[in-house]
Each structure stands twice: as structure tokens, then as C-alpha cells.
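Generate a structure from the sequence data that follows.
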Amino acid sequence: MARYTGPKTKISRIFGEPILGNGKWLTKNSNPPGMHGDKRRRKTLGEYALQLREKQKAKYTYGVLEKQFRKTFEEAARLKGVTGENLIKLLEARLDNTVFRMGIAPSRPAARQLVSHKHIEVNGEVVNVPSFQMKAGDVITIREGSRERSSITSVFRPKNPKFSWIDWSETEMKGTFITYPERESVPENIKEQLIVELYSK
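Got it, this is the predicted structure:
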């Protein structure tokens, strides 16, 4: 199962945002990575560089590699509506991202691990594919044999009330993917229109 396994802090420093992890190191060193990161004069990025940078940011944020990201974009382009917004909706509807949004896991990589290790059920069936696309009304539960594991339950966190497109009950260990989110409800700082322009070349 392909995924990024490189240094997370380095990626966060490239973009100047905590897109991988909590970003605690950015307060100590927010310079670009490299021996001369704090001294090197950076050229103004061109149009293509800005577009590529935005695509890379989205890929790292949602933990998707190039081939899968392009397939998701192509699916977004086939749907009715604005392609960029459709792309964000499809990325948000991934099972690993939904588990993260519900507060079941502290991060997307941790959510991905829960899914791949068969701790998560969708509509009563174990699903171990992190990229599984959720649909409106789908119900997520913690697998019966995993509910007593403190390593899982101890990291539960309250669901952010801003995420109105999902519901989660910690007492029942049950959540619902209510609907696809509207773009303005997704807090990620991604300029999806630049990604559309990149793939449209």
C-alpha cells in the first residue's frame, strides 16, 4: 500500500504550514529545509511552480500519491459542478479522512493505520481500504473486537462541531457520513483552482 514515509517536518517547512503533524517545529524553525534555507534568496515562483506546489500540498495533506491523486481528479472532472470543489469533496470523503474528521484518530496517518488494520467497519462490513469512498448515509463503527483496546479508545477526541457533514457518538462508537461537505466548510488551505489549471494544461 503506497504512502509517503519520508520526513514530515521537512515537508511542513517547505510549505510553511503544519500539513503533516501538529507543526510544533515550525515555531522553532520555519525556514525552508536545506543547509542554506535561512539565507538562500528564493526566486518568485512562476505560474507552473505555484500550481505544482498546490498539488503537492494537497497530496501530502490527504496522504495520496500521484497516480491515485490523478484518478481522483479525473473522477472529480466527470462529476457535475465545479471540478476543484468536487476534488476536495472526494478527498474529504475518503474513509481514512472521515475517520480522522470524526475524532477517532489523532491524525490522517493514524486513521489510515486503523483502517488498514481492520479496526473499522462501514455499514457493518470491515473495510481495510483507506481510499474507500464514503457515500451519504454510510455508517462507520469500531469493530467489536477492537472496542476494548485502550490504544484505540484513549486517543478519541471530541468531534469538531464545524464538521457538520459527519456525526460521531463516542459512547456508541458509531458515526455517520451525512453528506459531502461544502468547500467553505473544509478548513484546509488549498487553492484547488490552481490544481485544476495544472491538470488542464
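
what are the phi and psi values for the residue nearest to the spatial centre of the chain?
With the centre of the chain defined as its mean C-alpha position, the nearest residue by Cα atoms, centre = their mean is residue 62, 2.9 Å away. When read as degrees, to the nearest 10, the backbone of residue 62 gives phi -100, psi 0.

Next: residue 120.
Dihedral angles (degrees, to the nearest 10) for residue 120: phi -120, psi 140.

what about it, how many neighbours?
25 (other Cβ atoms under 10 Å). (Glycine included, C-beta is placed from N, CA and C.)

In contact with it, which residues are there?
With Cβ atoms under 8 Å, 6 or more residues apart in numbering as the criterion, the residues that contact residue 120 are 95, 99, 104, 114, 126-128, 140-143.

Identify the residue spatially nearest to residue 165, adjacent ones excluded.
Distances taken as Cβ to Cβ, 6 or more residues apart in numbering place residue 181 nearest to residue 165, at 4.2 Å, with adjacent residues excluded.

Quick one: residues contacting the one you found.
88-89, 92, 163-165.

cool, and residue 100?
Counting by Cβ under 8 Å, 6+ apart, residue 100 makes contact with 107-108, 110-111.

The nearest residue to residue 157 once chain neighbours are set aside: how many residues sit nearby?
What sits nearest to residue 157 in space, not counting adjacent residues and going by Cβ to Cβ, 6+ apart, is residue 103, at 4.4 Å. Residues lying near residue 103 (other Cβ under 10 Å) number 18.

For residue 103, give its distance to residue 153.
Distance, residue 103 to residue 153, using Cβ to Cβ, to the nearest Å: 12 Å.

before we move on, what about residue 118?
17 Å.

and if you look at residue 48?
For residue 48, the distance to residue 153 equals 47 Å [Cβ to Cβ].

Return the subset of the contacts of residue 181 lying in helices.
Using DSSP state H, 88-89, 92 are the members of these that sit in helices.

Residue 147: which of those residues is nearest?
residue 92 (25.9 Å; Cβ to Cβ).

Can you name the residues that contact the closest one?
98, 101, 165, 180-181, 186 are the contacts of residue 92 under Cβ under 8 Å, 6+ apart.

among the residues you listed, who's most crowded?
Among the contacts of residue 92, residue 98 has the most neighbours (other Cβ under 10 Å), with 27 neighbours.
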